[in-house]
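Enquirer: Any chance you could fold what I've pasted below:
(one chain, ligands or ions: 1)
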Amino acid sequence: MDSELKTILCVFAFGLGASIASFLNVVAWRVPRGESIVRPPSHCPKCNAPIRWWQNIPILSWLALRGKCASCRAPISPRYIIVETIGGLLFLAVAWKFLPVVSAVVLLWIWVSLMLVGSVIDFDHKLLPDFVTVGGMVLGLVYAVAKSAVNMVYGAGLAGCMPLFWSVSGLVFGFGLLMFIRTVGTKAFKREAMGMGDVFLMGAVGALFGPVAVLFTLIVSSVLGSVAGLSLVALAKTKFGRFLEIPYGPYICGACLVWIFFGPEIVNWYLSVMGL
Ligand SMILES: [Zn+2]
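Expert: Numbers count the residues shown, from 1 in each chain. Sure thing, here's the model as predicted:
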């Protein structure tokens, strides 16, 4: 792909990602509270002043208003600009790595959006909504069915069904493995070791990326969680320490991102180091 065109598309991807993340902020706030995501239109929670379109431009408006409401100067959480920036960077990174394979870019844009909103909700409410976890499973299966169908049309025969086989076995493996860990952990610690949301989330990782990705994500998320846990002990009394005290869902999402961008390379590197 022409590199100038690719640069333009990546800039567009950043803007699109930041705008979608801006909407996901609204979803993450309203859906767990049982509110509609379209009505009422955005307003300041303190003074109820409506937020005009030019005050609602991702990243830029927050900077221009210096994180304060334009009418009453009440502070607006930095989370808005943080989530918007992460959304923009994720969309850009997906476009950069996977263009010109448009189907992969669209699939991953949807999945990183679901992981982003799921992580924010898990962070606030210690739960992962079904539209993220079950949505991810359906997304992975639908993509695998479509890909297998295209392979069959092009005469690949039964071997063309590999994506579907990979997706179903990933789903079963991811769901089964975490269900097993949850059951054993709950018995061992005599309290709920992890939520069902985490089990469903790993099922989604499997449906989207297959069984190898499940194993990779489990290992990397445990490492991320342990590092955060040890840092937490060290920083227990500081503000930063409390920030690390997050549920398991965002760690699974973080590990899944590592898989998306570097996973196969890391696995190949590991196999070559082991002389395999
Ligand atoms: Zn206000």
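Enquirer: The residue in the stretch 101-250 of the chain that the ion sits nearest to sits in which helix or strand?
Expert: Proximity of the stretch 101-250 of the chain to the ion (CB to the ion) peaks at Asp124, 21.4 Å away. (C-beta placed from N, C-alpha, C; glycine too.) Secondary structure assignment for Asp124, by DSSP states H and E: helix 102-125.
Enquirer: Next, the buried residues of that helix.
Expert: Neighbour-count burial for helix 102-125, counted by 16 or more other CB atoms under 10 Å, picks out 104-105, 107-123.
Enquirer: Likewise for stretch 216-235?
Expert: With burial defined by 16+ other CB under 10 Å, the residues of stretch 216-235 counted as buried are 216-218, 220-221, 224-225, 228, 232.
Enquirer: what's the most distant pair in those?
Expert: Spanning the widest gap among the buried residues of stretch 216-235 are Phe216 and Leu232, at 24.1 Å by CB to CB.
Enquirer: what's the domain layout of this structure?
Expert: Domain assignment for the chain by automatic domain parsing gives 1-100, 127-276.
Enquirer: Export those domains to CSV and append columns for mean pLDDT and distance to the ion.
Expert: Output for these, formatted as CSV (pLDDT from 0 to 100; distance: least, CB to the ion, whole Å):
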stretch, mean pLDDT, distance to the ion
domain 1-100, 91, 3
domain 127-276, 90, 25
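Enquirer: Give me whichever of these is most buried.
Expert: domain 127-276 (a mean of 17; mean count of other CB atoms under 10 Å).
Enquirer: From the opening residue of that one to its closing one, how far?
Expert: End-to-end distance for domain 127-276, by CA to CA, to the nearest Å: 41 Å.
Enquirer: from the chain's centre, how far out does that domain sit?
Expert: On the basis of CA atoms, centre = their mean, to the nearest Å, domain 127-276 sits 11 Å off its chain's mean C-alpha point.
Enquirer: sorry, back to before: following the chain onward from the helix holding Asp124, which element is next?
Expert: helix 130-153.
Enquirer: Kindly format the C-alpha coordinates of that next one as PDB.
Expert: C-alpha atoms of helix 130-153 as PDB (Å, rounded to 0.1, in the frame of the first residue of the first chain):
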ATOM      1  CA  ASP A 130     -22.900  -9.300  28.100                       C
ATOM      2  CA  PHE A 131     -22.800  -7.000  25.100                       C
ATOM      3  CA  VAL A 132     -19.000  -7.000  25.500                       C
ATOM      4  CA  THR A 133     -18.300 -10.700  26.300                       C
ATOM      5  CA  VAL A 134     -21.100 -12.500  24.500                       C
ATOM      6  CA  GLY A 135     -20.800  -9.800  21.800                       C
ATOM      7  CA  GLY A 136     -17.200 -10.800  21.400                       C
ATOM      8  CA  MET A 137     -18.000 -14.500  21.000                       C
ATOM      9  CA  VAL A 138     -20.700 -13.800  18.400                       C
ATOM     10  CA  LEU A 139     -18.300 -11.500  16.600                       C
ATOM     11  CA  GLY A 140     -15.600 -14.100  16.500                       C
ATOM     12  CA  LEU A 141     -17.900 -16.900  15.300                       C
ATOM     13  CA  VAL A 142     -19.600 -14.700  12.600                       C
ATOM     14  CA  TYR A 143     -16.200 -13.600  11.300                       C
ATOM     15  CA  ALA A 144     -15.000 -17.300  11.200                       C
ATOM     16  CA  VAL A 145     -18.100 -18.500   9.400                       C
ATOM     17  CA  ALA A 146     -17.800 -15.700   6.800                       C
ATOM     18  CA  LYS A 147     -14.100 -16.400   6.300                       C
ATOM     19  CA  SER A 148     -14.800 -20.200   6.000                       C
ATOM     20  CA  ALA A 149     -17.600 -19.500   3.500                       C
ATOM     21  CA  VAL A 150     -15.300 -17.300   1.300                       C
ATOM     22  CA  ASN A 151     -12.700 -20.100   1.400                       C
ATOM     23  CA  MET A 152     -15.300 -22.700   0.300                       C
ATOM     24  CA  VAL A 153     -16.500 -20.500  -2.500                       C
END
